[in-house]
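Participant: Sequence and predicted structure below; questions after.
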Amino acid sequence: PASLVEANAARDATTCSRSRDGSAYWVPALQIADDPANPVTVEPDEIRVRYVAPRGQRVRPFPAGFTAIAGDKDATELQANAGWRCEYDRPRTPLQATPPQCEADEAIVGVVRFPNCWDGTNLTSATQDHIAFRKGRVCPGTHPRALPEMVQEVFWMGDGAPHAYQLSSGSTAGLHADFMNGWDQRALNRQVRRWLNPRR
């Protein structure tokens with residue numbers, strides 16, 4: 001994370017729309033595997049990342065050096081917080097374990113929601129036990145610090161035809177995503193204060 005912040009010190013090393021965000025956002029590559037021996041990688045069109053303050057929670061900024069992985073790469077069925085939809089699906093349309101057949105003029109969207117409760121101590125962990133999902137509107141006692149809830153949505157343009165899809169990491173049910181905090185920390189603090197924790 002520190003090298004991301006350093007690389008973006010002049011605000012010119014990021015493709016994020018907010019120039020002070022030098023963070024790394026990652027998902028495995030989506031591949032068309034109609035011919036399993038020769039899968040074809042689909043280039044992503046864009047990624048949209050939303051930071052949300054869940055209703056009833058005041059959140060703190062991601063701390064400097066913070067990293068997280070959400071989703072289970074070994075999943076074989078639909079996950080509770082990761083899945084697939086079409087770009088123009090109605091709001092609240094349930095996600096699917098595999099990319100649906102979308103219209104030719106709309107994107108296939110992979111969605112991953114990150115836990116927003118942090119143990120307050122560890123910036124990272126191999127097992128991701130430094131973060132947890134909230135219970136209702138509150139964070140569990142083991143993870144008392146509420147951070148922004150992050151939702152990553154990755155858009156891949158389809159062609160409207162049925163295909164067999166896979167991820168570079170395996171089954172599409174195993175959709176997962178990484179985050180590495182590369183924000184200018186003062187800028188992130190301001191964003192959280194202004195947009196996620198406004199004064200009532």
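Facilitator: Perfect, thanks for sending it. Just so it is clear, the structure is predicted and the values come from calculations on it, not from any experiment.

Participant: C-alpha only now, for contacts and for neighbours.
Facilitator: OK.

Participant: what about the longest strand along the chain, average pLDDT?
Facilitator: In the chain, with assignment by DSSP state E, the single longest strand is strand 149-157. Mean pLDDT, strand 149-157: 97.

Participant: Check which helices and strands that strand sits against.
Facilitator: strand 46-52, strand 107-113 (3 or more Cα pairs under 8 Å, 6 or more residues apart in numbering; DSSP states H and E).

Participant: State the distance from R92 to A80.
Facilitator: Computed as Cα to Cα, to the nearest Å, the R92 to A80 distance reads 14 Å.

Participant: Which one's more surrounded, the two?
Facilitator: A80 (10 against 6; other Cα atoms under 10 Å).

Participant: mind checking the SS state of the more buried one?
Facilitator: coil (DSSP: H, G, I helix; E, B strand; the rest coil).

Participant: Give me the pLDDT value at R199.
Facilitator: So, for R199, pLDDT stands at 69.

Participant: no wait, V138
Facilitator: 93.

Participant: burial count for it?
Facilitator: V138, neighbours per other Cα under 10 Å, totals 17.

Participant: And for L95?
Facilitator: L95 has 21 nearby residues by other Cα under 10 Å.

Participant: got the contact list for it?
Facilitator: Taking Cα atoms under 8 Å, 6 or more residues apart in numbering as the criterion, L95 is in contact with L78, A82, G83, W84, R85.

Participant: Could you check how far it is from L30?
Facilitator: Distance of L95 to L30, given as Cα to Cα: 17 Å.

Participant: same thing with G170?
Facilitator: 10 Å.

Participant: For those two, work out which one has more neighbours and name it.
Facilitator: A count of neighbours by other Cα under 10 Å puts L30 above the other of G170 and L30, at 24 against 18.

Participant: what's across from that one in the sheet?
Facilitator: When assigned by DSSP bridges, L30 has beta-bridge partners V42, L167.

Participant: Helices of the chain, start to end?
Facilitator: Taking DSSP state H as the test, the helices found in the chain are 2-7, 185-191.
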